[in-house]
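> with the sequence up front, the predicted model follows.
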Amino acid sequence: MNWGRGFRVVAFLALCAAAAATATYQPKPYKMGIRAFFPKPTFPADNPLTQEGVALGERLFFETALSETDNISCAHCHIPSESFSDPRRESIGVHRRRGRRNAQPLFNLVWRRNFFWDGRAKTLREQVLQPIADHKEMNLDPEEAAARLGEDPEYSRAFAAAFNEAPSPRTISLALEQFLLTQISQDSRFDKILRGEAKATPQEERGRALFFSEYDPAHGIRGADCFHCHGTAVFTNERFANNGLETRNGDEGRFEVTGKEYDKGLFKVPSLRNVALTGPYMHDGRFRSLREVIEHYSNGMVLTANLDPNLAKHGGQIGLSEADKEALVAFLETLTDESFVDRAKALERKHGFQLPPGPPRGLLDFDSPPPPPPPPPRRR
Ligand code: HEC
Ligand code: HEC
């Protein structure tokens, strides 16, 4: 046989195969609408959002097979109807292992520059594999997770449609990244007031004024200084700060990542959107209510050397009146986005999501006694 001819035939066949594969691999772009007054979002250029990728990521978010014991999904600690946060102080992972921090809500992540309370992950795709591998969370080698999914023909098809590849830690992380990036909250009462579609009550208006103004008694201004850190449309400046909490459980926050003395007790400034839904508050869930948070800023801050200058300048006290404390809470409550919650509830129904076992919704304390065992079957 003529070698040259044989090679040409093989090359031709390979071309046909490639053409066939690309003909079937045609993911459809996923369109998103983001309101004009938000900062311009930057989506990852190397992981364009597609309908297939987002749908796969959504499914993976509710997938318990990503955990060692096949009973914990991402949604178990990031409960969708709670704005993807956890009402328990610390999350509970496989074998009821208890974590040390409060799970963050997941939305508007396209504007985040780093992830976790200490910012130890730089990208979402890097972040999402950590809970799968974490001993206290899902405790499964991502390779093993991918192998499990590969055994399911439906998943194999879904991965091929989204990435033209088999399930792998890489494609799992890309799909989860895509899904998380689509979770945008931008229609709270605050937004509607801004757009002139709703009107603030005098109390909400007083809270807004306090939130967005400086504390500068020398010039007769007595604001609450919140905007320095929780400003902009996303309600966080994306930085790390010490907001006057005493150190607990040896958790040094940002210091654990950088080793710099100044970073002791610095934590990521959280977004305050949907904050009425994301209690308990702070990295360790130490405050149960927004009122307790306001009490902290009003007169409970610990004056450490690295307390942020915007808070240290009033000696750890803003000394708010009762009416002003209530006004700030009322303002924070305007940041709840009902349409976001409705979409999250629809996701829970679609995926047959059940609340995790343990303390029921609304019962925030991990240490509360477990629910009583079911009564024994009655004898006749
Ligand atoms: C056992 C509970 C638990 C599970 C399961 C879990 N998480 Fe988390 N998640 C947490 C906790 C706690 C934090 C905060 C940890 C920290 O900051 O050190 C967190 C933080 C995050 C963050 C960072 C958010 C931010 O604003 O920085 C993202 C993103 C995230 N999780 C996504 C996921 C995904 C995706 C899954 C599923 C693959 C998942 N999580 C599974 C508890 C959990
Ligand atoms: C110097 C920056 C800074 C200022 C000023 C500031 N905060 Fe914070 N805020 C933070 C940081 C950092 C955290 C998270 C701290 C932690 O968990 O250790 C936080 C947490 C919170 C939380 C809890 C959110 C959650 O999801 O757990 C609320 C609510 C809050 N701040 C409201 C306010 C209000 C209201 C004001 C004004 C009175 C204010 N903050 C002023 C930096 C700041």
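That came in fine, so what should we check first? Residues are numbered from 1 along each chain as shown. Ligands and ions are numbered 1, 2, ... in the order given.

> and the strands in the chain?
Using DSSP state E, the strands of the chain run over 215-216, 221-222, 240-241, 267-268.

> contacting residues around the closest residue to His135 other than its chain neighbours?
Of all residues not flanking His135 in the chain, Arg97 sits nearest, at 7.2 Å (C-beta to C-beta, 6 or more residues apart in numbering). (Glycine included, C-beta is placed from N, CA and C.) By C-beta atoms under 8 Å, 6 or more residues apart in numbering, Arg97 lies in contact with 135-137, 139.

> from those residues, list just the buried residues.
Among these, those buried by neighbour count (16 or more other C-beta atoms under 10 Å) are 136-137, 139.

> near ligand 1 too, which of these?
Glu137 (C-beta under 6 Å from any ligand atom).

> flag every residue of the stretch 251-380 of the chain that's near ligand 2.
267, 269-270, 272, 275, 278, 281-283, 290, 293, 297, 308, 310-311, 328.

> can you do 8 Å?
For the stretch 251-380 of the chain, the residues in contact with ligand 2 (C-beta under 8 Å from any ligand atom) are 253, 265-272, 275, 278-285, 287, 290, 293-294, 297-298, 308-311, 318, 320, 328, 332.

> do you know how far Val94 is from Leu140?
Using C-beta to C-beta, to the nearest Å, one gets 8 Å for the distance from Val94 to Leu140.

> the more surrounded of the two?
Applying other C-beta atoms under 10 Å to Val94 and Leu140 shows that Leu140 carries more neighbours, namely 22 against 18.

> common neighbours of Val94 and Leu140, please.
67-68.

> that older thread, inside helices: which ones of the residues of the stretch 251-380 of the chain next to ligand 2?
Within those, residues falling in helices by DSSP state H are 290, 293-294, 309-311, 328, 332.

> by neighbours, which of those residues wins?
Among those, Leu328 has the most neighbours (other C-beta under 10 Å), with 27 neighbours.

> quick check: the residue nearest to His135 vs ligand 1, distance?
8 Å (C-beta to the nearest ligand atom, to the nearest Å).

> report pLDDT for that residue.
Confidence at Arg97, expressed as pLDDT, is 85.

> rewinding a little: nearest to Phe115 among the contacts of Arg97?
Glu137 (14.2 Å; C-beta to C-beta).

> which residues touch the residue nearest to Leu174 when sequence neighbours are not counted?
Take Leu174 and drop its neighbours on the chain: the residue closest to it by C-beta to C-beta, 6+ apart is Asn47, 5.1 Å away. Residues in contact with Asn47 (C-beta under 8 Å, 6+ apart) are 53, 125, 174, 177-178.

> what about Asn47, distance to Ala161?
Applying C-beta to C-beta, the value for Asn47 to Ala161 is 15 Å.

> repeat that for Leu194.
Leu194 sits 39 Å away from Ala161, taking C-beta to C-beta as the criterion.

> looking at those two, which one has more neighbours?
Neighbours were counted for Leu194 and for Ala161 using other C-beta under 10 Å; Ala161 has more, 19 against 15.

> wouldn't that one be in contact with Val54 here?
No - look at Ala161 against Val54 with C-beta atoms under 8 Å: they stay out of range, at 11.8 Å.

> quick one: end-to-end distance for stretch 77-88.
Stretch 77-88 has an end-to-end distance of 9 Å (C-alpha to C-alpha, to the nearest Å).

> how far does it sit from the chain's center?
The chain centre lies 9 Å from the centre of stretch 77-88; the measure is C-alpha atoms, centre = their mean, to the nearest Å.

> going by neighbour count, list what's buried in it.
In stretch 77-88, counting by 16+ other C-beta under 10 Å, buried: 77-88.

> out of the residues you listed, who's near ligand 2?
Contacts with ligand 2 within the buried residues of stretch 77-88, as defined by C-beta under 8 Å from any ligand atom: Ser85.
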